[in-house]
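>>> turn this into a model:
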Amino acid sequence: MSIIKVIIPAYNEQDSIANVISEIPSEVSEIIVVNNNSTDNTVAVAEKAGATVLTETNKGYGYACLKGMEYISLQDEKPDIIVFLDGDYSDYPAELTKIVAPILTNNIDLVIGARVPELREKDSVTPQQIFGNWLACFLMKLFFKSTFTDLGPFRAIKYDKLLALNMSDKTYGWTVEMQLKALKQHYSYVEVPVNYKKRIGVSKVSGTIKGAIFAGVKILTWIFKYSFK
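Numbering: from 1, shown residues only. From the prediction side, this is the model:
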């Protein structure tokens, strides 16, 4: 039986985090919510819902993910698979079973939940997100012949493969860094189409002009860094 752990970065997600936790399939051995300096009741709500709650005071998606990984690294029993999932309830947590299936059945290293147009709720993805995803995936195809179509945050990866990537991005570039490094190290990967709906609350990245610009710059920086490395 494979050990699966979930890492959920969360910043001010008190209205959504309990829904996310409650719908994660029971085969997951631990749900780790990383409170990323929230100013609301995210911590209390997540703890009540049954999650392990950590706190990372440095703001940034990557900071939160790295905090979760650090916590796992100190445990005696290491997981086989790590799943990353957002805390805003835009994904369907029950689809985690679909996300991990290629690893369990076909020994795939990395699985990305692809937010395909036909499974997306109207207006659940902003125009800048659509363009940014298209551009990033186009460049990865151009430079690395990849078949990625999305930088979806709902993803699963073998734990040992995740460690070998030596992830370092602290903010918006976390997802693309993982995919680029997986390409460079010739990991096997697939995309699994997932449903996607409007998030609860306002996005901290795509919901602001500043966040969208910073995310775009960070993603392009990672791509060009690896393209000419």
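>>> ok, how many other residues are close to Arg64?
That one is not Arg; residue 64 is Ala. Ala64 has 30 neighbours, counted by other Cβ atoms under 10 Å. (C-beta placed from N, C-alpha, C; glycine too.)
>>> wait, a helix at it?
Yes: secondary structure of Ala64 (DSSP: H, G, I helix; E, B strand; the rest coil): part of a helix.
>>> residues in contact with it?
Each residue near Ala64 by Cβ atoms under 8 Å, 6 or more residues apart in numbering is listed here: 7, 9-11, 34, 36, 56.
>>> tell me the two of those that are most distant?
Using Cβ to Cβ, the two most remote members of these are Ile7 and Tyr11, lying 13.9 Å apart.
>>> work out for me the element the most centrally placed residue in the chain sits within.
For the chain, Pro153 is the residue whose C-alpha lies nearest the centre (Cα atoms, centre = their mean; 3.0 Å). When secondary structure is defined by DSSP states H and E, Pro153 falls outside every helix and strand.
>>> contacting residues for it?
Listed by Cβ under 8 Å, 6+ apart, the contact set of Pro153 reads 84-86, 91, 113, 175.
>>> now, which of those sits nearest Ser16?
Asp86 (9.0 Å).
>>> do you know the pLDDT at the residue nearest to that closest one when sequence neighbours are not counted?
Distances taken as Cβ to Cβ, 6 or more residues apart in numbering put Pro153 closest to Asp86, at 5.0 Å, once the chain neighbours are dropped. Reading off the confidence values, Pro153 has pLDDT 95.
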